[in-house]
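J.: Dropping a prediction and its sequence here:
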Amino acid sequence: MDTRYNPTQRASRTALAVLAAAVLVTGAAWHQVTAQSATPKAAATVTTPITHAIAGGRDSYADVVSAAAPAVVTIHAQGKARVSPTQFDGQDPEDLMRRFFGDQFGQRGQRGPRQFAPRQRAIGSGVIITTDGYILTNNHVVDGADEIKVELTDDRSFSAKLVGSDKPSDLALLKVNASNLHPIALGNSEAVKVGDIVLAVGNPLGVGQTVTMGIISAKGRSTSVGEGGYEDFLQTDAPINHGNSGGALVNTRGELVGINSQILSNSDGNIGIGFAIPVNMAKNVMEQLRTKGKVTRAQLGVTVQGVTSEMAESLGLKQPTGAIVGSVASGSAAEHAGVKRGDVIQSFNGQPVHDTNTLRNRVAEAGPGSTAELVVLRDGSEKRLSVTLDEANPEKSARASDDQAGTDDNTALGVSVAPLTPELAARAKASKGAHGLFVEDVNPDGRAAAAGIQPGDIIQEVNRQAVRSVDDLRSALKKSGNKPTLVLINRQGNDLFLTVRPFNG
C-alpha cells in the first residue's frame, strides 16, 4: 500500500520488509541535532536535580519495560507471491541503502552480480499472549506468507503456525511450540483515557527491540485503510515506524492496551500520529481465531449515517451524537425489533453510541444470535427495543438493504440514490453541468463502501456509460456482471474514478 500522504490521509501500515522501508525515513530518522554546551560563565552556579518534574510522577519506566518487553517478539515472514505489498514495494533493499548511505554500505559499495531473491520477506512484531505459545500480530505482517519465524528477546527462534487471520480487524494469531515464555498482562482499553502515558514496544526498521514513549492522543479513530475494516483505533504520539506492526502498546503498569498497527505520515516515517488496535477488540478476535479459526460478527441490518450539528438541532438533540437510520433491511434483525427509518440510535446494550463506527463495532462484537437493547430517539421520544442479532454477511446485507429501500436503490452496490436535482447538486457542491445520481446512503457492509463511495457523492458513469437514472445504473451494473466495475463519481466538484469489486465467494 502506498504510505505517502494524500488528500484522503490514508494511514500506512507499519510492517517492515527487510530494511527497504528504513531508508525511506532517513530524512527524519538520521537528522540528528548535537546539543552544544553553553559557554561557561565566570561564576558557575550549582543546580539541584529536580526529583520529579510532575508531582506524583516518576523518572523511570524501567520496571514497566522489564515486565512487557520479554513478551514482544520479532516476526520474519516469507512468501512466494506476496507478503502485503506495503512491506517491499518491489525495490531492492541494497539499492535503497546505497541511495542514502552511499559506498559506506556493504564493502564500500563493491558488490557481486545482482541476484534477485525469488521470495519476498517482511519483518514485523508480535506479542506473546499465553504461556502455551499463542502470539498476536497484524494480519498485514503475515498476509500471504508460507513461512513464519518468531524471534524472542532471549535470542531463541521458532517456526510459527498461522492459527487464523482476520482482515477486517487486521489481526492474526500465531502459535509456537515453546516453553518458558513470558506472556504479557492484558489491560482494559475501555479504561484508557486521552492523556494517559503509554509505551510502544517493537522492532522498528529492523534495528532490534526498541521502546518509545508517548501519550494516548485520541480514541475511537478510523483510518478506513482496510476493506470494510472494523476500526476503533487508539491514537498515540509514541513513535511507531515500519517494523512496529503487531507490537505492543502498554500502559504504565506494563499491561497491553493496544496492538500497534498503522501510522499516518507524509514521509514514510513517524510524525507523531500512530494507531493501535484496542486490546478489548483484539481479545474478542483472538479468542474466536483460537477456538474456531475464523471470526464471525453480528449485524443489525440497517444503513446509518452520523448526526451533524444541523441534524441534532432539528432532532432535538443536545449533542450531535448517535447514528441515524437511513434504511432497514427487509427481514433483518432491526426490522423484527421495530427499528424504523429516521430513528436515532443512541445506545447499544447500555453503552453510548457516539457515531456510526461505534455502533458497527459494538454490534459486531456482540455476536450473532445475542440479544441486545437499543435506545432510539423517534419523533422526540425515547424508545427501548430488544433485538436478536443476525450473523453478518456483507453480500446478503447489502442486497437485503437495497431491496427494502425500493426503486431508489440498486441491488448490487449497497447504496441508496436519488435523481440529481438542482438542490442536491448545490448540496453536493457539484461541478457546473454535473449529471448523475446523488448518493443518499451507503451500506457500510456493501461493495460501494469498500470502494470508497460516500454519501453526498454523485455517480456519473459506470464502466464509461453515462448514468442519469436508476434504470441506467442498474443496466450498467448488469452488463459488468461479476467483474470489477469502474465508477466515475463527482465529489465536491472533483471527478474521481473508483473500482467497485465483486464479493468473494
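T.: Cool, the structure landed. All values reported here derive from a predicted model rather than from experimental measurement.
J.: which stretches of the stretch 301-450 of the chain form strands?
T.: Secondary structure of the stretch 301-450 of the chain (DSSP state E, counting those that start in this stretch): strands located at 302-306, 323-328, 344-348, 351-352, 371-378, 381-388, 390-391, 409-410, 415-419, 437-442.
J.: Make TSV from the ones you listed and add mean pLDDT and mean neighbour count to it.
T.: Using the backbone N, CA and C atoms, a C-beta is placed for each residue, glycine as well. Shown next, in TSV, are the strands of the stretch 301-450 of the chain (pLDDT from 0 to 100; neighbours: other CB atoms under 10 Å):
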stretch	mean pLDDT	mean neighbour count
strand 302-306	84	25
strand 323-328	85	23
strand 344-348	94	21
strand 351-352	92	12
strand 371-378	94	18
strand 381-388	94	14
strand 390-391	90	18
strand 409-410	38	26
strand 415-419	84	21
strand 437-442	87	24
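J.: any chance of those strands in JSON lines, plus distance to residue 293?
T.: Listed next are the strands of the stretch 301-450 of the chain as JSON lines, based on distance: least, CB to CB, whole Å:
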{"stretch": "strand 302-306", "distance to residue 293": "29"}
{"stretch": "strand 323-328", "distance to residue 293": "32"}
{"stretch": "strand 344-348", "distance to residue 293": "28"}
{"stretch": "strand 351-352", "distance to residue 293": "29"}
{"stretch": "strand 371-378", "distance to residue 293": "26"}
{"stretch": "strand 381-388", "distance to residue 293": "26"}
{"stretch": "strand 390-391", "distance to residue 293": "16"}
{"stretch": "strand 409-410", "distance to residue 293": "35"}
{"stretch": "strand 415-419", "distance to residue 293": "33"}
{"stretch": "strand 437-442", "distance to residue 293": "31"}
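J.: among those strands, which is nearest residue 265?
T.: Nearest to residue 265, of all these, is strand 302-306, at 26.5 Å by CB to CB.
J.: Each with direction, which strands does that closest one pair with?
T.: strand 323-328 (antiparallel) (DSSP bridges).
J.: least trustworthy helix or strand in the chain by mean pLDDT?
T.: Ranking every helix and strand in the chain by mean pLDDT, DSSP states H and E puts helix 26-29 at the bottom, with a mean of 27.
J.: Could you list the low-pLDDT ranges of the stretch 351-500 of the chain?
T.: For the stretch 351-500 of the chain, the stretches with pLDDT under 70 are 393-412.
J.: all helices for it, in order.
T.: Using DSSP state H, counting those that start in this stretch, the helices found in the stretch 351-500 of the chain span residues 356-366, 394-405, 422-427, 447-451, 470-480.
J.: Return the alpha-carbon coordinates of the shortest one using PDB.
T.: Right, helix 447-451. C-alpha atoms of helix 447-451 as PDB (Å, rounded to 0.1, in the frame of the first residue of the first chain):
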ATOM      1  CA  ARG A 447     -19.400  -3.100  -2.200                       C
ATOM      2  CA  ALA A 448     -19.800   0.700  -2.600                       C
ATOM      3  CA  ALA A 449     -18.500   1.300   0.900                       C
ATOM      4  CA  ALA A 450     -15.500  -1.000   0.300                       C
ATOM      5  CA  ALA A 451     -14.700   1.000  -2.800                       C
END
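J.: ok now do the nearest residue to residue 299 once chain neighbours are set aside, which residues does it touch?
T.: Nearest residue to residue 299, sequence neighbours excluded (CB to CB, 6 or more residues apart in numbering): residue 392, at 4.0 Å. Taking CB atoms under 8 Å, 6 or more residues apart in numbering, we find residue 392 in contact with 296-299, 364, 368, 445.
J.: Kindly report the same for residue 178.
T.: 133, 152, 156, 158.
J.: 10 Å instead?
T.: Applying CB atoms under 10 Å, 6 or more residues apart in numbering, we find residue 178 in contact with 128, 131-133, 135, 150, 152, 156-158, 160.
J.: From residue 287, how far out is it?
T.: 21 Å (CB to CB, to the nearest Å).
J.: Same check on residue 75?
T.: 21 Å.
J.: on that earlier part again, for the contacts of residue 392, which one is nearest residue 345?
T.: Checking the contacts of residue 392 against residue 345 with CB to CB, the nearest one is residue 299 at 13.4 Å.
J.: what about that closest one, neighbour count?
T.: 25 (other CB atoms under 10 Å).
J.: Correct me if wrong: it contacts residue 361.
T.: No - with contact defined as CB atoms under 10 Å, residue 299 and residue 361 do not form a contacting pair (11.7 Å).
J.: ok, back up a step: TSV please, covering the helices of the stretch 351-500 of the chain and showing mean neighbour count and distance to residue 317.
T.: Listed next are these as TSV, based on neighbours: other CB atoms under 10 Å; distance: least, CB to CB, whole Å:
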stretch	mean neighbour count	distance to residue 317
helix 356-366	22	15
helix 394-405	22	25
helix 422-427	12	21
helix 447-451	23	25
helix 470-480	16	32
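J.: would you list these in CSV and tack on distance to residue 168?
T.: Below are the helices of the stretch 351-500 of the chain laid out as CSV (distance: least, CB to CB, whole Å):
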stretch, distance to residue 168
helix 356-366, 9
helix 394-405, 10
helix 422-427, 32
helix 447-451, 10
helix 470-480, 25
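J.: quick one, which of residue 75 and residue 287 is more surrounded?
T.: Higher neighbour count among residue 75 and residue 287: residue 75, with 28 against 12, using other CB under 10 Å.
J.: could you measure that one against residue 194, distance?
T.: From residue 75 to residue 194 the distance is 30 Å (CB to CB).
J.: Likewise for residue 454?
T.: 27 Å.
J.: Residue 450 now?
T.: With CB to CB as the criterion, residue 450 and residue 194 are 30 Å apart.
J.: What of residue 497?
T.: 38 Å.
J.: can you give me the strands for the stretch 51-200 of the chain?
T.: 72-79, 120-128, 134-137, 147-151, 157-159, 161-166, 171-175, 185-186, 197-202.
J.: Switch those over to a markdown table; also include mean pLDDT and distance to residue 223.
T.: As requested, the strands of the stretch 51-200 of the chain are exported to a markdown table (pLDDT from 0 to 100; distance: least, CB to CB, whole Å):
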| stretch | mean pLDDT | distance to residue 223 |
| --- | --- | --- |
| strand 72-79 | 92 | 22 |
| strand 120-128 | 90 | 18 |
| strand 134-137 | 97 | 18 |
| strand 147-151 | 95 | 26 |
| strand 157-159 | 96 | 32 |
| strand 161-166 | 94 | 17 |
| strand 171-175 | 96 | 15 |
| strand 185-186 | 96 | 24 |
| strand 197-202 | 95 | 17 |
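J.: Include distance to residue 483 when you put those strands into JSON lines, please.
T.: Below are the strands of the stretch 51-200 of the chain laid out as JSON lines (distance: least, CB to CB, whole Å):
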{"stretch": "strand 72-79", "distance to residue 483": "27"}
{"stretch": "strand 120-128", "distance to residue 483": "28"}
{"stretch": "strand 134-137", "distance to residue 483": "34"}
{"stretch": "strand 147-151", "distance to residue 483": "33"}
{"stretch": "strand 157-159", "distance to residue 483": "39"}
{"stretch": "strand 161-166", "distance to residue 483": "27"}
{"stretch": "strand 171-175", "distance to residue 483": "30"}
{"stretch": "strand 185-186", "distance to residue 483": "44"}
{"stretch": "strand 197-202", "distance to residue 483": "40"}
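J.: quick one on the thing from earlier: nearest to residue 173, out of the strands of the stretch 301-450 of the chain?
T.: By CB to CB (comparing all of these), the closest turns out to be strand 390-391, at 20.9 Å.
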